[in-house]
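**Student:** make a model of this:
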Amino acid sequence: MSLSTSDARLLRTRITLLIVCTLSAVILLMSNLTGFYDVIWRKLDIGVFRILNDTITPDGFLTQFWAWTNSKTFDQGTFVAMLAICIYMVASTERKARIAVMAKLSAITFLILLALLVSKKLVGDFIHPSPGLVLSPFNNINDYITGYTVKTSTDNSFPGDHAMTSALFAGGIIMLFRDRPYIAILSVLLMVFVCLPRLAGGGHWLTDAIVGGGAACLILLPWLVICPMVPWIERQQTRLWNAVIARAGS
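**Tutor:** Predicted structure coming up:
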């Protein structure tokens, strides 16, 4: 069966989008993981780290702020914040459209889990020391806090998992919920809020966030519009919901 002119044009557009985004991700990764890093990124990485790390002082307010935002408690809080955004989006939608919203959020969640799985399996043992190991001396948060410690260095800082997941979350919201710009803005602010503490504390380079997160977005987010992932998830959730209603009424 031959495609209509409009369907063929749509198919070409989607294939072109996939190729362009994938090639852009490859170029972005190569710029960071090859000798081009010293030319393109090195000075920016060091400069951003020094600017942020210099805000860590023995008695500074920002020292306590960076310490808290680098803690496990904050990590859990950001997860709760993302979950709260999702719950709000479902609860604030008309009842008949809630399954469609849940399908979109489920698709975004699937891409995040896929990115984390690939990151752990393929890049988990990739040696990429963070600023806390490479640059000395630096202001170590743990020297100025008591009662707990935070991670200020790692051997494999690329990609930044927090940056990657928050970027995919924000990008997915922007792509699938264009009618809710305030949620998109909130998601972007949350992404920035998640990324900055790691850059200041020494756990990640700027490129861990923008290259790692950017590449993940370029590779994965186009699939939200290229393949019928969201409609398929919506059909499955609708079928499940109808089965639950039928069982409850029997």
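**Student:** could you measure Ser153 against Arg198, distance?
**Tutor:** Look at Ser153 and Arg198: by CB to CB, to the nearest Å, they are 11 Å apart. Placement of C-beta: from N, CA and C, glycine included.
**Student:** burial measure for His162, as a count.
**Tutor:** 22 (other CB atoms under 10 Å).
**Student:** and it, that one's in a helix?
**Tutor:** Yes. Assessed by DSSP: H, G, I helix; E, B strand; the rest coil, His162 belongs to a helix.
**Student:** for it, which non-adjacent residue is closest in space?
**Tutor:** Closest residue in space to His162, ignoring its immediate chain neighbours: Val194 at 5.0 Å, by CB to CB, 6 or more residues apart in numbering.
**Student:** so what's the gap between the strand or helix carrying the one you found and the chain middle?
**Tutor:** Val194 is located in helix 181-201, with elements delineated by DSSP states H and E. Distance of helix 181-201 from the chain centroid (CA atoms, centre = their mean, to the nearest Å) equals 10 Å.
**Student:** and Cys86, how far is that from Ala115?
**Tutor:** Distance from Cys86 to Ala115, by CB to CB: 17 Å.
**Student:** out of these two, which sits in the busier spot?
**Tutor:** Using other CB under 10 Å as the criterion, Cys86 and Ala115 rank with Ala115 on top: 23 against 20.
**Student:** quick one: the more buried one and Ala216 touch, right?
**Tutor:** Yes. Between Ala115 and Ala216 there is a contact under CB atoms under 8 Å: 4.9 Å.
**Student:** now do the shared contacts for those two.
**Tutor:** Met164, Leu168 (CB atoms under 8 Å, 6 or more residues apart in numbering).
**Student:** any idea of the mean pLDDT for the one helix or strand Leu28 maps to?
**Tutor:** Secondary structure from DSSP H and E places Leu28 in helix 5-33. Average pLDDT, helix 5-33: 87.
**Student:** also stretch 198-210?
**Tutor:** The pLDDT scores in stretch 198-210 average 92.
**Student:** how far out from the middle of the chain is that stretch?
**Tutor:** 14 Å.
**Student:** any figure for the gap between Tyr148 and Lys43?
**Tutor:** Taken as CB to CB, the span from Tyr148 to Lys43 is 34 Å.
**Student:** could you do Phe79 as well?
**Tutor:** 34 Å.
**Student:** residues in contact with the closest residue to Leu44 other than its chain neighbours?
**Tutor:** In space, and not counting its chain neighbours, Leu44 is closest to Leu206: 6.3 Å by CB to CB, 6+ apart. Contacts for Leu206 (CB under 8 Å, 6+ apart) come out as Trp41, Leu44, Asp45, Val48, Phe49, Leu199.
**Student:** show me how to select, in ChimeraX, the buried members of the residues you listed.
**Tutor:** Command for ChimeraX that selects the buried part of those, burial taken from 16 or more other CB atoms under 10 Å:
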select :41,45,48,49,199
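**Student:** now intersect the contacts of Leu206 with the helices, please.
**Tutor:** Under the assignment DSSP state H, the contacts of Leu206 contribute Leu44, Asp45, Val48, Phe49, Leu199 to helices.
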